[in-house]
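> This is a predicted model, with the sequence first.
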Amino acid sequence: RKEVEQDPGPFNVPEGATVAFNCTYSNSASQSFFWYRQDCRKEPKLLMSVYSSGNEDGRFTAQLNRASQYISLLIRDSKLSDSATYLCVVNYDNDMRFGAGTRLTVKP
Amino acid sequence: DGGITQSPKYLFRKEGQNVTLSCEQNLNHDAMYWYRQDPGQGLRLIYYSQIVNDFQKGDIAEGYSVSREKKESFPLTVTSAQKNPTAFYLCASSILRTGAYNEQFFGPGTRLTVL
């Protein structure tokens, strides 16, 4: 079983749609959680951290469910510029584990 | 401008050659990391270092070597012992705080191709 699992997609959605990604992790002692965005042939960049109470940043909402060991990312009102691969990242004691990513394409 | 730089951006290697990838950061971060990314896979940790003159193997260290002589620099050598070195190599750095949100910041990557 992989330590961090994501649906690879691709998710193809029209502009303005709402799309949600889920990610599950195996280490119940994991301490911190992140979503990174990676554009084609570029480095990953931090999109947002995921806090226990859930957090929102504009059109993006992240949720954490420790009991079920999953993290979610919701994107509302999708833009063409949201097209990218979204990586789920789970940290335990400075050991970061990356999911393989979910590919999103937003179409006009 | 603070950040992480990697060079070269593209690197071609003949079989049997060792090559060294550069990674420099001016963020004053204690920890530095090297990852490898293959298509359809998550990032896999090669080596990491939390302090100067000390480093630890990650999950896939075989065929690689590193050094950490300065806080700012963490070069990676891909040796001829690495059987399948063609990949996208990413260097990252972070501060170190136990249990906290120590996000990692990435350099732009080096794309290595073995000819």
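Nice, I can see it.
> what pairs with the most centrally placed residue in chain B across the strands?
Centroid check for chain B by Cα atoms, centre = their mean gives B:Trp34 as the closest residue, at 2.5 Å. As for beta bridges, B:Trp34 partners with B:Tyr47, B:Cys91 under DSSP bridges.
> Would you check how far apart it and B:Val66 are?
7 Å (Cβ to Cβ, to the nearest Å). Glycine gets a C-beta too; all of them are placed from N, C-alpha and C.
> Touching both of these two, which residues are there?
Taking Cβ atoms under 8 Å, 6 or more residues apart in numbering or on different chains as the criterion, B:Trp34 and B:Val66 both touch B:46-47, B:74, B:76.
> And the strands in chain A?
With strands called from DSSP state E, chain A shows them at A:4-6, A:11-14, A:19-25, A:32-38, A:44-50, A:55-57, A:60-65, A:70-75, A:84-92, A:95-98, A:102-107.
> Show me which residues of the third one are buried.
By neighbour count, with 16 or more other Cβ atoms under 10 Å in any protein chain shown as the criterion, the buried positions of strand A:19-25 are A:19, A:21, A:23-25.
> from the residues you listed, which is closest to chain B?
For the buried residues of strand A:19-25, the residue nearest chain B by Cβ to the nearest Cβ is A:Cys23; the value is 10.8 Å.
> what's across from the closest one in the sheet?
Bridge pairing for A:Cys23 - DSSP bridges - gives A:Gln6, A:Ile71.
> show me what contacts it?
Contacts for A:Cys23 (Cβ under 8 Å, 6+ apart) come out as A:4-6, A:70-73, A:88, A:99.
> Put together JSON lines for those residues, with pLDDT on each row.
Output for the contacts of A:Cys23, formatted as JSON lines (pLDDT from 0 to 100):
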{"residue": "A:Val4", "pLDDT": "94"}
{"residue": "A:Glu5", "pLDDT": "94"}
{"residue": "A:Gln6", "pLDDT": "94"}
{"residue": "A:Tyr70", "pLDDT": "93"}
{"residue": "A:Ile71", "pLDDT": "96"}
{"residue": "A:Ser72", "pLDDT": "96"}
{"residue": "A:Leu73", "pLDDT": "97"}
{"residue": "A:Cys88", "pLDDT": "96"}
{"residue": "A:Gly99", "pLDDT": "94"}
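> on that earlier part again, lowest average pLDDT across the strands of chain A?
Ranked by mean pLDDT, the strands of chain A bottom out at strand A:95-98, with a mean of 91.
> could you check whether it is close to chain B?
Yes: for strand A:95-98, a contact with chain B is found by Cβ under 8 Å from any Cβ of the partner chain, at A:95-98.
> Tell me who's in contact with residue 72.
All of this is about chain A. Listed by Cβ under 8 Å, 6+ apart, the contact partners of A:Ser72 are A:20-23, A:62-63, A:65.
> oops, I was thinking of chain B
B:Glu72 touches B:24-26, counting by Cβ under 8 Å, 6+ apart.
> Narrow the residues you listed to those in helices?
Among those, none falls in helices (DSSP state H).
> Narrow these to just the buried residues.
Buried members of the contacts of B:Glu72, scored by 16+ other Cβ under 10 Å, are B:24-25.
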